[in-house]
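Chemist: only geometry, no sequence info:
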């Protein structure tokens, strides 16, 4: 601790030139840590989260595979190979074949296309609705805010699965109505986050300062509100993706989602139930695909949350 | 307090009105009514029309809507289109199964989730914390239908330790409760952990220590009570969701509960049943939310103010 | 007799990027019935040193001291249980922010009677009686009604009075007040200070007053420690610090107090620069990067403490016989 103290004799005999005021400015130390931009910081923190990086890698890989594999594979999702029905995993069929001799691997890849598309599209739509709705409520405030939030309260007080099931029944079972059903209430979380961020920022001093300096509404929105509210919004959107994928798999599992011969992970798992005892691989591979995807997205979400929360910065 | 309760109650009533109205008109927007010629091809059109008339389906929609409300206010959810009996009978017949399994799952979730989160927060960064976080990640990432598939495959089909379906012995409950509560446990443990960590850093916890309060009381009385308020908020939806039966778990394990029956009504297009169950779910959720709101206001006196 | 005697206290925090040396080898004492002021800007280690003495820091803090003696007992050797028995009974603490220092979920009564029930083993009725007395003692009107209320129903000033009532509940030998007035309105500040002074005269309790406001200290404290960068740079009687300060940092502090009599002509002189980063504190005197009189020796070595009188001590290289003789410019 006190390594830089001298004993009294040594101190008394220090040379005179040590006691000259104001010279030797070259030694003056840099006090502050190097300043970095916010997004650079975020990336640095995210990069250190190994699980999040692995998750990101898995999702990128899965996206590439589900785009490329069906193009280069000799099999199609509805093409039957009646010589190899219910086949176990082999070189020709890495995940085996189903009851109709369809290649399970390719069906899982098509399932990935559907799941990922639904995940990303639903998240994007929910993001857009949530930001608009929450931004409007937060920015306008007052009575408009009260009415908008009351609507949200009513919508969110019931399990979203109820709405989803009703919508699926009305619009029939296809990808469009799955997405529509998922967009019915999922944006509420984002809207709430955006609203509270906008409310908070609207009353914060630096926005007031900027307003006093003559900044217009658009300038405020683009230069202050959006970048500052971005962190929590991104995090809530990141968790929307696995939520949407989960809901789709769930609907297909119940038999009211994606319909045969199209395949989604949920319907593949559902179709495998009757033969689960004899051909467990038919169930295992789709289930593994779902789990790996859910884990990856949740890891990414957790990593983003930790990286975007500057309060954890030490 | 009374003012607060009345306010919450009114909000609940409003929610129900909206839900019933939306559900009613959605049902009527459904392509192909229950007795349309396209669905029942073997029955003469005149007979179908007569059946429809006996259900009041020949009247204008607004009149049907008012009728529905009238019956509803007398506690009558109508008659099932596709099975014998009234909707009320069906619900009261199936709900107890769901409630029993769901009640156990709620208890299990709280008894496991809260201590796990607490231990994780107190031993932050240690093995217990990492194990809890790992379990929580599994619980949040693995969908319940995947879990029920995997567990029933492993414990029932492969190992033959536990029965695959039914509710005949206590063994049957194990898989059910585990499947139903893993996700809530994960959520509760995560929430308890993070709000506990936050609470432990608060000034009032330091004040309690400066008063000479024992460490146990600091944690249990001063920090945990504050940390549990978000868990209480979650309690309403949790109880409602579990007690009204999980669609997936009940179908998977063939439990004659409300969730299972709901799925069947959907595939049967039994609209009065679907409506009835949706309304029952909605009412149950609204009541559970109301109870958890009141509970929250009792624990945290500030809530009454912010909601005014 | 010294009620509290601290020798060579070092406190550091281990965080992700390194170790923050918040307190670096400070020694001081508090006499019976004395009020000691500790001044310094945020991050100077004044609060951390007091929390270290109390053992109230989180467990990632590393506290090392040659000795911490309180009322004849060596605190560094006491068990957690024995320490807790002293907290709230022999040492009371008042914190900076009355808005967050009271638990929002418990009534005033519950929080105020807690130390009485723990340390004095009172039953509910006795504790309630004593709580009423305490609320009267800290000049809270209508104490019966206040007992039933929750913190959010009280104003900042009232909450701080409740905090003071909690601190004095068991008749402590010493009260540590950590910036007790900083978060309050100016008029309320004066009332709280008056109350503390009044209580001190009444009970002969020692008070350690931590603040960054020399004005607060001037009205309350007989002796003052000036802290900077985790070290004590100057200490002495109030008279020494206000009329014969020797450390350039103390000069800077005094120059930055507004004086009513010489307004509007008088100019406030801010201290240039920012406090040191305690992750990498300067090798020599912690104030050297901001000091107008910085010499090569200041950057190389920590200044030794020079005793100017029994109580007046300065840690500055300007005290060295070879150093130029600088006097404070006002």
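Modeler: That came in fine, so what should we check first? Since the structure is predicted, the reported quantities are computational estimates derived from the model, not experimental observations. Numbering: from 1, shown residues only, chains lettered A, B, ... in the order given.

Chemist: now residue B:28, nearest residue through space, not along the chain?
Modeler: Counting by C-beta to C-beta, 6 or more residues apart in numbering or on different chains, residue B:28 lies nearest to residue B:61, which is 5.7 Å off, once chain neighbours are set aside. To be clear about C-beta, it is placed using only N, CA and C from the backbone, and glycine gets the same treatment.

Chemist: The one you found: how many residues sit nearby?
Modeler: Residue crowding around residue B:61 was assessed by other C-beta atoms under 10 Å in any protein chain shown; the count is 12.

Chemist: Give me the residues contacting the helix or strand containing residue A:200.
Modeler: Using DSSP states H and E, residue A:200 falls within helix A:187-202. For helix A:187-202, the external contacting residues (C-beta atoms under 8 Å, 6 or more residues apart in numbering or on different chains) are A:125-127, A:129-131, A:133-135, A:137-139, A:141, A:145, A:149, A:152, A:155-156, A:207, A:224-225, A:228-229, A:232-233, A:236-237, A:239-240.

Chemist: ranges for the helices of the stretch 51-200 of chain C?
Modeler: C:80-86, C:98-101, C:108-119, C:124-137, C:143-148, C:156-168, C:186-203 (DSSP state H, counting those that start in this stretch).

Chemist: I'd like the mean pLDDT over the second one, please.
Modeler: Here helix C:98-101 scores 87 as its mean pLDDT.

Chemist: can you give me how far it is from the chain middle?
Modeler: 17 Å (C-alpha atoms, centre = their mean, to the nearest Å).

Chemist: If you count contacts, what does it end up packed against?
Modeler: Contacts defined by 3 or more C-beta pairs under 8 Å, 6 or more residues apart in numbering or on different chains; DSSP states H and E place helix C:98-101 against helix B:203-210, helix C:156-168.

Chemist: and what of the fourth one?
Modeler: Contact here means 3+ C-beta pairs under 8 Å, 6+ apart; on that basis helix C:124-137 packs against helix C:108-119, helix C:143-148, helix C:156-168.

Chemist: Just the pLDDT for the residue nearest to residue C:147 when sequence neighbours are not counted.
Modeler: Sequence neighbours aside, residue C:109 is the residue nearest to residue C:147 in space, at 4.0 Å (criterion: C-beta to C-beta, 6+ apart). Looking at residue C:109, its pLDDT reads 94.

Chemist: Could you double-check that residue C:109 sits in contact with residue C:130?
Modeler: No: at 10.9 Å, residue C:109 does not count as touching residue C:130 under the criterion of C-beta atoms under 8 Å.

Chemist: re earlier: show residues contacting whichever helix or strand comes after the helix holding residue A:200.
Modeler: Later in the chain than helix A:187-202, the nearest helix or strand by DSSP H and E is helix A:205-212. Helix A:205-212 has contacts (C-beta under 8 Å, 6+ apart) with A:201, A:219-220, A:223-225.

Chemist: ok, and the most crowded of those residues?
Modeler: Neighbour max across the contacts of helix A:205-212 (other C-beta under 10 Å) = residue A:225, 22 neighbours.

Chemist: Is it in a helix, a strand, or coil?
Modeler: In terms of secondary structure, residue A:225 is helix; the call rests on DSSP: H, G, I helix; E, B strand; the rest coil.

Chemist: same question, residue C:13
Modeler: strand.

Chemist: With the one 10 residues further on instead?
Modeler: Following three-state DSSP, the label given to residue C:23 is strand.

Chemist: who in the stretch 1-150 of chain C is up against chain B?
Modeler: Within the stretch 1-150 of chain C, the residues that sit near chain B (C-beta under 8 Å from any C-beta of the partner chain) are C:54, C:56, C:58, C:80, C:84-89, C:92-93, C:95, C:97, C:100-106, C:111, C:114-115, C:118-119, C:150.

Chemist: From chain C, how far out is residue B:144?
Modeler: For residue B:144, the distance to chain C equals 34 Å [C-beta to the nearest C-beta, to the nearest Å].

Chemist: Many thanks, we can stop here.
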